[in-house]
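Trainee: Next input, structure requested:
(3 chains)
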Amino acid sequence: MTRTDGITAALSHLGRLDELAGANTPIARVDPRAKLVTTAAFLVTVASYGRLEVSALLPLAAFPLALFALGDVPLRPILSRMALVAPFAVLVGAFEPFLDRQPLGTFGPVVVTAGWASFASIFLRFALSVSAALLLVATTGLDAVAAALAWFRVPRVLIVQLLFLYRYLFVLSEEVARSLRAHALRSPDHPSPRLRIAGSMLGQVLLRTLERAQRIHVAMLCRGFDGEVRLRRPLRARLSDFAFIACWCAYFGLCRAANLPRLLGIAVHGAG
Amino acid sequence: MSHHLVRLEDVHFSYPDGTPALRGVSFELHHGESVGLVGANGAGKSTLLLHLAGVLFPSSGRIRVGDWPVTSETLGNVRRSLGLVFQDPDDQLFMPTVADDVAFGPLNLGLPLEEVATRLSGALERVGAAGLGPRPAYRLSGGEKRAAAIASVLAMSPDVLVMDEPSSGLDPAARRRLIGLLRSFEHTKIVATHDLDLVMDVCARTVVLREGGVAADGPTASIFGDSALLEACHLEKPLRLQGCPRCGE
Amino acid sequence: MHMSDALVSPAVAASMWAATTVASVASARALGRRPDDRRVPLMGVLGAFVFAAQMVNFSIPGTGSSGHLVGGLLLAILLGPSAALLVMASVLAVQALFFGDGGVLALGCNIFNLGVLSSFVAYPFVFAPVAGTQPTRGRLALATVLASVVALQIGSLGVVIETALSQRTSISLGTFLLLMQPIHLAIGVIEGLITAALILFIRDARPELALGNLNATVSRPSLRRLAVGTLLAAAVVAGVLSWFASSAPDGLEWSLARASVGTRAGTQSGAPQGPSLRSPEPTTVLPAETQPGPESQERLLHAVGRKWPKIDASESLSGLAGVAMTLALGGLLAAGLRLVRRSSRPTPPP
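Mentor: Residues are numbered from 1 along each chain as shown, chains lettered A, B, ... in the order given. Predicted coordinates:
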């Protein structure tokens, strides 16, 4: 019965990721705005490489690896999460070796085509960008990310929406999981609900959701809600935060400008 | 001169579809009193509580909380004086962390940030949940959620504390802690509940609702001793008063 | 249907972010003009609902395969387009940040494909005209299915165009279209049926909560302006930015140039302990002793000599063409459906 397991697994993953951000590590102490800006720069850098670049991308892995190490982030949940979302990128990338047979060169006895290079590049870029996104939250937490976004003048209604959505994800997902479980227990031959039944199940959950929204609204009113949700997180940037941004961006620029592994190879073996 | 803190005068209310919910409810609450509000499902307990907080308005009759009549203009002041704790803590804890939830009320009151911080830690201490601040709501146990919900209301420093089914879903230990907590509060309290044993522990006075009207209003002990009354209102004696091992009643 | 960062170029990502930002800020402003404090909890829990519902896979009778809800249209019907866009944006953001479902850089694309297009094209131009005011069950279901199909078709078209413009894969535009569009046609029908079932259910059970009554009602003329404005913004930015696309020689041409130059060329894409260590002569950019032939020299110069920005008319044209296609498709559908519509235009609520 994969669906309910999937939901419960997803929930626990979500919870664990947020929990990680609470730890007091050197990375957690960096201002969330700095982490946001640096991650954005990282993602843009990764995306800017050409289709066939592979080795040039590798030094960029230093960023996520540093976050892992300095943030005491456990490898397993992040890796398993990446594995779960890999299929789409892999699927698209898997076409490359068949579509592009232009040979690039030899790797020992094997001829490497542009198609394989492209596949490797896609996969590498996927791994770098997904790990950076997951690590951002693992080392920062949604709260702090929201505060950073507010500082960047993201409309408040969107930030409040993010916070509420996150808050009620768990409640809703559990309700849906319960519905699915109840269905599966009474439908041994078809654990996955059929269309009509799914519509009815979701309808019940949706109705309860709307009623819950009304109750929450009442609770908010009773605590003086006037339409504006006030956030209370003061952000203080320190010199180390600017240094964080500057150093990493310089490194990204360096990686982009020069193919570091190639230079390393040349340095080791001398110019030909 | 006794100071009425909460006063209902002949309150009538019907739902939009015409079903009458409250038929002429009247009672007064004095400063420092603890009142249990009991009755069968559908007797009107929750509806009455919503009237006290100004969420619903009576079709006739008047309600007064402290110095304020409950009208749409005075809601801000009413809600400063009267705090309502809901049945489902998930409806009440809607911010990312417990600290955010407890700070929500004071922030809405427009208090400066240092004052908010003081209220925040004070309220959490009061309910014995000092460490819960940074925790997100979904990771709490039933008892912890309940405590956090109460703290979120306490942070507004209300004069009157109104609670809807506070002990539902709590394990015995958490329930016992809740009872201890409620007994320690000096606020004026109204507790709507099915948990008659809790009422016996916490409330000196009990109001029994039946089909939207007040069936009885008096000292807890005498009301719970009156089997005929309880039965007429679709209630029973509190568990501890049932099946006395000695006299077998 | 979520785009991944691995397949998007910075130029495409930036233009889509620009379009999405325009639409989102405009939506936030529209909501701010008609404040309604019920909205905050409602948007929150509906977002959570859509998120959770996306995890429900239901089996499609007769096909043996499964599908799931996307939710953009459902949100638009229940909340109105402005709020729906913001809710969809929040759902996709959480998916990207917490689950790696869809890239963060590509988030602009995903919000555009799944949020902007369903809220500002499918909803006002397909659902609203077909449903009219006080629709019957049948009419409501038809409107929902049609709008859902359109939303998913142009959404997946968006993915195809963005992928093609990014030039990170070799899949040809035609092949990709053939892969994506038919599948999303089927998904669109399923999504439409489920959404219709949900809307009808809500309308029967709690009519005061159903369509229209929860909308941050924006009258149609300004919706059209917003839709056109967003698409224009995307067109302009896509066209302009493609001019500024990286002028560093495309990896393929660079490697081709070198492959024809070096005698014992290793691959450009070897691993660090690959050919550069194993082969006797590590590859270099221009081995001094080898004389490049005339054609390859020319190719090399061509590759190296590109200036920045690259004013390449064909590339900007393809960028503009892509967005123009989207606009045209939406416009054609709207025009066609307006011909089909029989009842009078719904009057904007006060």
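Trainee: can you map out the strands along the stretch 1-150 of chain A?
Mentor: Using DSSP state E, counting those that start in this stretch, the strands found in the stretch 1-150 of chain A span residues A:103-107, A:110-113.
Trainee: deepest of those strands, which one?
Mentor: Ranked by mean neighbour count, the strands of the stretch 1-150 of chain A are led by strand A:103-107 with a mean of 20 (mean count of other Cβ atoms under 10 Å in any protein chain shown). In this view, the C-beta of every residue, glycine as well, is placed from N, C-alpha and C.
Trainee: mind giving me the domain split of chain C?
Mentor: Taking automatic domain parsing as the reference, chain C has its domains at C:5-246+C:313-340, C:251-267+C:276-304.
Trainee: which stretch in the ones you listed has the least confidence?
Mentor: Across the domains of chain C, domain C:251-267+C:276-304 has the smallest mean pLDDT, namely a mean of 38.
Trainee: need the contact list for residue 100.
Mentor: I'll assume chain A. Contacts here follow Cβ atoms under 8 Å, 6 or more residues apart in numbering or on different chains; on that basis A:Asp100 touches A:113-115, A:118, C:170.
Trainee: meant chain C actually
Mentor: Taking Cβ under 8 Å, 6+ apart, we find C:Gly100 in contact with A:81-82, A:84-85, A:130, A:133-134.
Trainee: least reliable of the strands of the stretch 1-150 of chain A going by mean pLDDT?
Mentor: Of all those, mean pLDDT reaches its minimum on strand A:103-107 (a mean of 70).
Trainee: Let me see the residues that make contact with stretch B:161-168.
Mentor: By Cβ under 8 Å, 6+ apart, the residues outside stretch B:161-168 that reach it are B:45-46, B:49, B:52-53, B:82-87, B:146, B:150, B:153-154, B:175, B:178-179, B:182, B:185, B:187-195, B:198.
Trainee: Mind giving me the ChimeraX command for buried ones among those?
Mentor: The ChimeraX command for the buried members of the contacts of stretch B:161-168 (criterion: 16 or more other Cβ atoms under 10 Å in any protein chain shown) is given here:
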select /B:45,46,49,52,53,82,83,84,85,86,87,146,150,153,154,175,178,179,182,187,188,189,190,191,192,193,194,195,198
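Trainee: The contacts of stretch B:161-168: which ones sit near chain A?
Mentor: The subset of those within reach of chain A, by Cβ under 8 Å from any Cβ of the partner chain, is B:53, B:83-84, B:86, B:153.
Trainee: C:Ser148: which of those is nearest?
Mentor: Nearest to C:Ser148 among these is B:Phe86, at 36.9 Å by Cβ to Cβ.
Trainee: Just to be sure, which of the ones next to chain A among the contacts of stretch B:161-168 are found in strands?
Mentor: Using DSSP state E, the members of these that fall in strands are B:83-84.
Trainee: The ones next to chain A among the contacts of stretch B:161-168 also near chain C: which ones?
Mentor: When these are filtered against chain C using Cβ under 8 Å from any Cβ, no residues are retained.
Trainee: Including distance to C:Thr144, could the ones next to chain A among the contacts of stretch B:161-168 go into TSV?
Mentor: Shown next, in TSV, are those (distance: Cβ to Cβ, whole Å):
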residue	distance to C:Thr144
B:Ala53	39
B:Gly83	43
B:Leu84	39
B:Phe86	35
B:Val153	42
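Trainee: Check the ones next to chain A among the contacts of stretch B:161-168 for the minimum pLDDT and say which it is.
Mentor: Ranked by pLDDT, these bottom out at B:Ala53, which has 88.
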